[in-house]
Every structure is written in structure tokens, then in C-alpha cells.
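Engineer: Provided below are the primary sequence and the corresponding predicted coordinates.
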Amino acid sequence: MEALDYHAEERRKAEFDVEEMKIVWAGSRQAYEISDRVARLVASDPVFRKDNRTMLSRKDLFKDTLRKAAHAWKRIIELRLSEEEASKLRFFVDQPVFTDLHWGMFIPAIKGQGNDEQQQKWLPMAYKMQIIGCYAQTELGHGSNVQGLETTATFDPETDEFVIHSPTLTSSKWWPGGLGKVSTHALVYARLITDGQDHGVHGFIVQLRSLDDHLPLPGITVGDIGMKFGSGAYNSMDNGVLRFDHVRIPRDQMLMGVSQVTREGKFMQSDVPRQLVYGTMVYVRQKIVADASCALSRAVCIATRYSVVRRQFGSHNGGPETQVIDYKTQQSRLFPLLASAYAFRFVGEWLKWLYTDVTQRLQASDFSTLPEVHACTAGLKSVTTSATADAIEECRKLCGGHGYLSSSGLPELFAVYVPACTYEGDNVVLLLQVARFLMKTVSQLGSGKKPVGTIAYMGRSEHLLQCRCEVERAEDWLKPNVILEAFEARAARMSVTCAKNLNNFPNQEEGFAQLATDLAEAAVAHVQLIIVSKFIEKLQQDIPGKGVKRQLEILFNVYALSLLHKHLGDFVASGCITPKQGALANEQLRLLYSQVRPNAIALVDAFNYTDHYLGSVLGRYDGNVYPKLYEEAWKDPLNETVIPDGYHEYIRPILKQHIRVARL
């Protein structure tokens, strides 16, 4: 039987309306239609081919990236695409490129931190790409510790200029995407110094290269930092190094939305609250969470489709071997990842709402939710990106040996994705920031201040510290309120325990350092509770389509109970469930896998990814894997000649025993 028939048969098994699930995944019918239309536009354009990407040299790969970026911009203009459509087109081109930081960081930072005059001056040029910007914050010696940055911006009152300078080797800007070879401008973060006084880190718009010949301007040393992990992957991006030798810029190129320096050199906070800078951070982190669901769903789609095609062992009397996806060991590794993709998608949708909400509050000078929003976005960024990076590698292993081939799409996807665990905040550092918020919340429980939002459950900590799970049968674990209370009790008890242990230290900072691992685990428990609760909220919405809601309920239970299984020690140790109840959860989980199995292919079809976007022989929609694997092998440059280069110099002398041996 052809692989194509495998997938056709699998699709006939679906117990829900796949088209309706596609709309649920996309977020709305309009979003689905835009995504579908743009994905097909990209897939049909030969300029955007990417099957040869891992075979290109670094220089050829970079030039290919420039060509695609230019062609994408040309198509955006020709087709008069909306901002949403243009963003989708860049997404489906699926190649890290300098425009990622231009649109994703440079422009949002000017919108969020520039004053009205600066926005009117710089944004029109940036939107038309008459200038190309990057975001130069991280330095060779400092990343997560932004307050430790060494680059200086010293105000010179005589000329009304800032002098941007790199005083040490470690103050070199290092890693900004787009900086190495393309960006004409950078948003540079440097220590503001006026009259000998250090006012901390602020942002400055600095021109790096001439708009006439693209040469670096005087005093600027700039270049690419070199090859990164993996073939193709992030090597299409010109991550850069940048040093300043007393580079002068006009005073009005300091971002002055929240603070400014007067003509006389006086540092002043503007009327706009400094907290507005958090709006940009929330925007970037909510996008990272959305990207996590995309990368995870992509890997899961490949692994699921291939697990249906691949047969291994189990044949009797000459019959067909067993589909790999029918092995419980495969299901127990794969289906929780499938459920996680949906869970991350829905919490990402909620984060979009949260970004809108906090932006409106900030503009109205309402900062009441800011600490909670900061902790929420930091925690979700950390948990979703770490889980996704691990999941992509797990999907590679789920595909066996073929998953190691570049043509599987998984090695490059992993290499492209793993930087997300570090950029915009190292994941462990972010968890510790969440933990500080949790410890502060616990310390205020007796003050009468009522926790709100994602931390509201802490207001019921007295109950949660005493409650016992009421599960008596495996099916009791299918009740959302039972699952939710178990996750709330675990999170509350872990936070309260950490707070009590901190009180045993005479110095809280010393205690924080000693208990950092426990605190990070408490933060993970809190964030996983957020994801579980937002999945439940999604299920409470009106979800149209035959069987769609039922499938989402199954996926929710798989997600929650697989987390309970993974962290069973935490749940049992906190006293909210017993070992027997944990065993019942595992029993129910096995039953749930059997319910996912008939719908597995349809559930990944709902992601609506084209073969072009997936970039995987193993994840093809038609399942025609083996002929295509064979075909791909012959495309490798090594197969351009039958006899390899070097045969006469190295192989033939060995075979003919003509090796000259030097005598000492």
C-alpha cells in the first residue's frame, strides 16, 4: 500500500470537522483565510524554494537570504498586502533574515519609547524600509544583566551631542540580528552620562552605515560574528559585532518617550510614565509564545505523519508490520507534544489580549497589573520556549534514523529554534524573576491586598494548603475543576514552602541564591497552572464544528495529565494528591491516547501547513516518504560525480598500497 493511501485512510477516521478546527487554530475565520492564502502564495513562488538551504555555503546562504527578503518586499508592494498579510508572508518564507529584527524590535521600540517627534521622523522611513534597523542591546560581556551594559553615551553640552563609545572589549555589541552586514541604523542601548553622572541604560538611534555606499561611518567597526549551530538554520542571519570609537550623534536621537536630556544637559523624566517601556517587552514576549506554538506544531506535524507511514515489527504470517504510531511508547511521547502545541496556541491567544489590555491601562496611567503581567510574560516565554526546544528534539528521535537527515526538516528546525531559550531573557533568569514576584505575593497575603489575574488563586491559599484531591476513579481526572484545583494546590504549596524556607535565612538575597533551584521549580508550577487555566477558558467558549470541542477536551486532558505524570513527585510531595490518585491519572492518560489515535493525522492537518513551509520529506501531506527520501539523496552535491574529488590523491594510493612512508 502506498504511503499516500495511509494518510487518506487516516483522514477518513477523523471524528471532527477538520476545517472548523483549522479556524480554531488560526483564531478566527478571517485569520485562517489570510494565512491559507498567503501560505499558498509563498509555496507557489520558485524564488522562495528552500530545499537546498542546508547544502549552501555561508556566503551563498546569506546571498540567497538577501534575494528572498528583497523579493518578499517586492511582492508585498505589488500585491498591496496589509500589515497582517505582510507579516504572514515573511513568516511563511521561513528563513531567519535581517527584516525580523527591523519589524520585530526596531520599529516597536521606537513606537514604544520614542516621543511624538521621533516617531514622526523615524517610523515613516522604517515602514518604507528607506532605513533598516536592528536592536543593539546585548554585549560581549553582558546579556541578561542589562543594567551591567558598558557602552556609554556621554552628553557634550558644547555641541549638543551624545558621544557613543565602547570603552572595553566586552562592551562590544554582540549578537544583534541584521547588524553584521545589512542594518543602516541601530537602536543602541548605552549608559547615559551627563556631567559625570551615570543615569543608567537608555536607548539611542545611531546610524551605522552610509545610505549612499553602505560603508560603515567613521568611528564604527562592524561585522558578522561567524557561523552558528547547525546547517542553514540561523546562519542565514547576519548576527553582528559592533564597536564605537567616540561616535557623535545629535541629542534628539536619544529615545525621549520616557526620559530626556535638555539642551543644558539636565536629565529629566518626561510626563509619560517610565512603565510604558514594558509595553514593548510584553509585545515581543507574546510574539515569542505564539512562535513557540508554531515551531512545536510544525515538529509534531512531521513526527505524527511519519509515525503513520513508518511500519516496524509486529508482522505475523507475512502480514504488514505495525504502524509506529500504534505503539504506546510512541503515543506516550508524541501525543503530549501534540496537546502542548494546542495549549501553547491558546495561551498565546490570551497573551495577545493581555498585551492590548496592559497597553490601554498604561496609557491611562494604570500600572496596577504591571508586576503580574511582567511575571506572566516572563514565565510563559521561559516555559514555552524550553518545552518547545526539547519537543523538537524529541520529535527528531520519534522519527528514528531518518529524523537525523537534513531532509527531514527537524535538525534545521531545532537549530533555528533553540536561540529562543536565550534571547529576550535567559529562561532560567526569567523563572527567577517570576519567583521573586511569587515570593512578594506570598508575603502580602496577610496584608488584605487581594491577588488578581493569574495570581488570584493565591488568595485562596489557606484552602489550597489544606485541600485534598477527591479523585476515586480514573475518569474523575476528566473533570476540569479537579485538574485545576490540583494544579492550583501544587503551585500554591510550592510557593509557600519556598517563602517559608527563605525566612530561615538572615539575609533574603543569600536565601534566594541558595534556594534558586526550588524557586525556579515553583515558578514553573505557577506558569503551567496559567496554561492549564487558559486552556479551560478556551473550552468554555462557544466552539462550532462537529466534534471539535470534544477533541479539544481530549487534548486538554492529555496536556494536563501528562504534566501531572511528569511532575508527579511535586504533586504528591505537596500533599494535594496521593500516589494512588497519581496512578489513576496515568491509567486515564493511557485511555486518552487511544482516543487521540484515530484523530492524530486530522489534528495535525488542522495546523494547515503547506509542504513548502514544513520543509520535510517525512512530514509530506501525501505521505509519499520513501520515494522522496531516495530522490533527495541524489540531490546532494557529493553525488554530482560518481568518483569523488580526492580519489586519485588519497583513496587510490591506499588501495594500491602506493603510500610513501617517511622514515625517522
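Structural biologist: Received, thanks.

Engineer: okay but Met458 is in contact with Arg493, surely?
Structural biologist: No - using CB atoms under 8 Å as the test, Met458 is too far from Arg493 to be in contact (11.1 Å). Every residue, glycine included, has its C-beta placed from N, CA and C.

Engineer: which residues are in contact with Tyr245?
Structural biologist: For residue 245 the amino acid is Asp, not Tyr. Asp245 sits next to 165-166, 219-221 when contact means CB atoms under 8 Å, 6 or more residues apart in numbering.

Engineer: ignore the last one, Lys22
Structural biologist: When contacts are counted by CB under 8 Å, 6+ apart, Lys22 touches 32, 36, 605-608.

Engineer: who wins for neighbours among those?
Structural biologist: Ranked by the number of neighbours (other CB atoms under 10 Å), the contacts of Lys22 place Ala606 first, at 26 neighbours.

Engineer: what's the pLDDT at it?
Structural biologist: Among the per-residue scores, Ala606 holds a pLDDT of 97.

Engineer: please name the nearest non-neighbouring residue to it.
Structural biologist: In space, and not counting its chain neighbours, Ala606 is closest to Met21: 3.8 Å by CB to CB, 6 or more residues apart in numbering.

Engineer: next helix or strand past the strand or helix carrying that neighbour?
Structural biologist: Secondary structure assigned from DSSP states H and E places Met21 in helix 18-26. Per DSSP H and E, helix 18-26 leads on to helix 29-43 as the next helix or strand towards the C-terminus.

Engineer: pull the CA atoms of the helix holding Met21 into CSV?
Structural biologist: What follows is helix 18-26 as a C-alpha-only set of coordinates in CSV (Å, rounded to 0.1, in the frame of the first residue of the first chain):
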residue,chain,number,x,y,z
VAL,A,18,-11.1,19.5,10.3
GLU,A,19,-12.0,22.7,8.5
GLU,A,20,-13.6,24.1,11.7
MET,A,21,-10.5,23.0,13.7
LYS,A,22,-8.3,25.0,11.3
ILE,A,23,-10.3,28.1,12.1
VAL,A,24,-10.0,27.4,15.9
TRP,A,25,-6.2,27.0,15.4
ALA,A,26,-5.9,30.2,13.4
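
Engineer: can you pull out the low-pLDDT segments for the stretch 551-664 of the chain?
Structural biologist: Counting by pLDDT under 70, the stretch 551-664 of the chain shows low-confidence ranges at 659, 661-664.

Engineer: domains of the chain?
Structural biologist: Domain ranges of the chain: 131-271, 448-604, per the TED database.

Engineer: for Asp51, find the nearest of those domains.
Structural biologist: When these are compared by CB to CB, domain 131-271 sits nearest Asp51, at 10.4 Å.

Engineer: helix, strand or coil: sort out the closest residue to Leu351 other than its chain neighbours for me.
Structural biologist: Leaving aside its chain neighbours, Leu351 sits nearest to Gln286 (3.8 Å; criterion: CB to CB, 6+ apart). Classification of Gln286 using DSSP: H, G, I helix; E, B strand; the rest coil returns helix.

Engineer: report the angle between the axes of the helix holding Met21 and helix 29-43?
Structural biologist: Inter-element angle recorded for helix 18-26 and helix 29-43: 90 degrees (by axes from the mean of the first three to the mean of the last three CA atoms, to 10 degrees).

Engineer: may I see the buried residues of helix 18-26?
Structural biologist: Within helix 18-26, the residues that qualify as buried by neighbour count (16 or more other CB atoms under 10 Å) are 18, 20-26.

Engineer: so where's the protein shaky on pLDDT?
Structural biologist: In the chain, residues with pLDDT under 70: 1-5, 271-277, 659, 661-664.

Engineer: for Lys656, give me its contacts.
Structural biologist: Contacts of Lys656 by CB under 8 Å, 6+ apart: none found.

Engineer: list the contacts for the residue nearest to Ala606?
Structural biologist: 545, 548, 551, 602-603, 606.

Engineer: what's the most distant pair in these?
Structural biologist: Every pair in the contacts of Met21 was compared (CB to CB); the two farthest apart turn out to be Gly545 and Leu603, at 13.1 Å.

Engineer: higher neighbour count, those two?
Structural biologist: Set Gly545 next to Leu603 and count neighbours by other CB under 10 Å: Leu603 wins out with 27 against 16.

Engineer: and for Ser368, the neighbour number?
Structural biologist: Residue crowding around Ser368 was assessed by other CB under 10 Å; the count is 10.

Engineer: which phi and psi values does it adopt?
Structural biologist: Per-residue torsions, Ser368: phi -60, psi -30 (degrees, to the nearest 10).

Engineer: spatially nearest residue to it (excluding sequence neighbours)?
Structural biologist: In this structure, Ser368 finds its nearest non-sequential neighbour in Arg361, 7.4 Å apart by CB to CB, 6+ apart.

Engineer: hmm, back to that, return the member of the buried residues of helix 18-26 nearest to Val182.
Structural biologist: Closest approach between these and Val182, by CB to CB: Ala26, at 31.7 Å.

Engineer: returning to that earlier point: Serialize the domains of the chain to CSV and add fields for distance to His102.
Structural biologist: Formatted as CSV, the domains of the chain follow (distance: least, CB to CB, whole Å):
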stretch, distance to His102
domain 131-271, 5
domain 448-604, 30
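
Engineer: quick one, which of these is nearest to Lys381?
Structural biologist: Evaluated with CB to CB, the domains of the chain place domain 448-604 nearest to Lys381, the distance being 9.4 Å.

Engineer: what packs against the helix or strand hosting Gly569?
Structural biologist: Per DSSP H and E, Gly569 falls inside helix 568-573. When contacts are defined as 3 or more CB pairs under 8 Å, 6 or more residues apart in numbering; DSSP states H and E, helix 568-573 packs onto helix 480-502, helix 579-596.

Engineer: what about the longest helix in the protein?
Structural biologist: In the chain, with assignment by DSSP state H, the single longest helix is helix 328-363.

Engineer: quick one: the closest residue in space to Leu398 that isn't next to it in sequence from Gln330, how far?
Structural biologist: Leaving out its chain neighbours, the residue that sits closest to Leu398 by CB to CB, 6+ apart is Ala303, at 4.5 Å. With distances taken as CB to CB, to the nearest Å, Ala303 is found 9 Å from Gln330.

Engineer: more neighbours, the two?
Structural biologist: Ala303 (31 against 20).

Engineer: gap between the helix or strand containing that one and the chain center?
Structural biologist: Using DSSP H and E, Ala303 sits within helix 277-309. Put simply, helix 277-309 sits 6 Å off its chain's centre (CA atoms, centre = their mean, to the nearest Å).

Engineer: what's the angle from that helix to helix 328-363?
Structural biologist: Interaxial angle of helix 277-309 relative to helix 328-363 (the same axes, to 10 degrees): 160 degrees.

Engineer: show me what counts as buried in helix 277-309.
Structural biologist: When burial is assessed from 16+ other CB under 10 Å, helix 277-309 yields the following buried residues: 277-309.

Engineer: who are the packing partners of that helix?
Structural biologist: Counting by 3+ CB pairs under 8 Å, 6+ apart, helix 277-309 packs on helix 3-12, helix 107-113, helix 328-363, helix 370-398, helix 410-417, helix 600-605, helix 611-614.

Engineer: Val47: what's it in contact with?
Structural biologist: Applying CB under 8 Å, 6+ apart to Val47 gives the contacts 67-68, 71.
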